[in-house]
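1. Build me a model:
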Amino acid sequence: MNYNFEWDPDKAKINKEKHGVSFEEAATVFLDPHARTIFDPDHSEIENRWITLGISQNGKLLVTCHTFNNENGTAIIRIISSRKAAKTEKKQYGE
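-> Got it, this is the predicted structure:
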């Protein structure tokens, strides 16, 4: 399956300023073969949202919130936010 990424440029700028993580880097967690993705029921009132915990290509363990959509066999992943993992999340990943 092919993946395409999208995001709001204003939100991406705010995320980079607040968390020090660009959405370009956040997109690379989906290349981590050990990444873990779970459904986020607390933030899925309007649309289904997911949380992926994975290592970016820069070696950072990130928590990335996103949506999944499928268009003609291509997964569209819209990144909503991303930040460095907290200590408890690092334990969940196995670090």
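2. Tell me if I'm right that residue 34 and residue 54 touch.
-> Yes: using Cβ atoms under 8 Å, residue 34 makes contact with residue 54 at a distance of 7.1 Å. All C-beta spots, glycine's among them, are computed from the backbone N, C-alpha and C.
3. Tell me which helix or strand the residue positioned nearest the centre of the chain sits in.
-> Residue closest to the mean C-alpha point of the chain, counted by Cα atoms, centre = their mean, is residue 64 at 2.5 Å. Take DSSP states H and E as the rule and residue 64 turns out to sit in strand 61-71.
4. and that strand, what does it pack onto?
-> Counting contacts by 3 or more Cβ pairs under 8 Å, 6 or more residues apart in numbering; DSSP states H and E, strand 61-71 packs against helix 23-27, strand 50-55, strand 74-84, helix 87-93.
5. List the strands paired with it, with their directions.
-> Applying DSSP bridges, strand 61-71 is found paired with strand 50-55 (antiparallel), strand 74-84 (antiparallel).
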